[in-house]
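Q: Okay, sequence plus prediction incoming.
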Amino acid sequence: MKRKTVKEVPDVALLRKELKREQYRHRYAASLRSTVYTLVVVAAFAILVATLWMPVLQIYGNSMTPTLHEGQIVLSLKGSHFEKGDLVAFYLGNKLLVKRVLAGPADVVNITEDGTVYINGEEQAEPYVSEKALGECDLDFPYQVPESRYFLLGDHRKTSVDSRSSAVGCVAEEQIVGKIVFRVWPLADFGKVT
């Protein structure tokens, strides 16, 4: 006698459940890949922007107090046009310094013994300076700023080593990284830098 083999009929509900699980797994994997790709593109774009147009800098030292304090993080905007009063970051050797533009090419600078600054014969109003001082100075005044250079001073005039010293001198346009425009850290000081 021949034995009949019974064919097992799969449970349709079980198959549907397994199909839904597989479809969910594929949707999840696709969603995860899409999210990772998006994050990589956003990170690459942020690095490109930070490198080419808006370098992020951390402040070290106290030569710019009371405007900027040690440990603050600021954004700078690359460019080549700087005006009197702008805060700029520039390279001096392998150091990155931050100072304020006081005079541009061909301007005549004069600083008195009490620290009062004159540009082209006009006394400068400097509300960002808490205490005037001549500071470390080995220049003879009046001093004419050379072409394509800027005369930069720190806001803390007693301690700042800047264009008044031959160790720094006037800064060439090529040395300037950019204009400091925004403070991002600490959050309590978040906002535009003036």
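A: Received it, and whenever you're ready, just let me know what you need. What you see is a predicted model, and the numbers here were worked out from it, not measured in a lab.
Q: isn't there a strand covering residue 182?
A: Yes. Assessed by DSSP: H, G, I helix; E, B strand; the rest coil, residue 182 belongs to a strand.
Q: show me the contacts for it.
A: 74-75, 191-193 (C-beta atoms under 8 Å, 6 or more residues apart in numbering). (Glycine included, C-beta is placed from N, CA and C.)
Q: Mind checking which of the residues you listed are buried?
A: Buried members of those, counted by 16 or more other C-beta atoms under 10 Å: 74-75, 193.
Q: What is the neighbour count of residue 30?
A: 10 (other C-beta atoms under 10 Å).
Q: just to revisit the earlier point, looking at the buried ones among the contacts of residue 182, which are in strands?
A: Mapping the buried ones among the contacts of residue 182 onto strands (DSSP state E) picks out 74-75.
Q: pLDDT weak spots in this structure?
A: Residue ranges of the chain with pLDDT under 70: 1-10, 49-54, 80.
Q: let's see 80
A: 1-12, 45-59, 61-62, 69, 78-81, 135, 187-194 (pLDDT under 80).
Q: related to what we said a few turns ago, out of the buried ones among the contacts of residue 182, the closest to residue 97 would be?
A: residue 74 (12.9 Å; C-beta to C-beta).
Q: Helix or strand: which one has residue 129?
A: Residue 129 belongs to no helix or strand when elements are defined using DSSP states H and E.
Q: Among the contacts of residue 182, which one sits closest to residue 111?
A: Nearest to residue 111 among these, with distances taken as C-beta to C-beta, is residue 193, at 23.9 Å.
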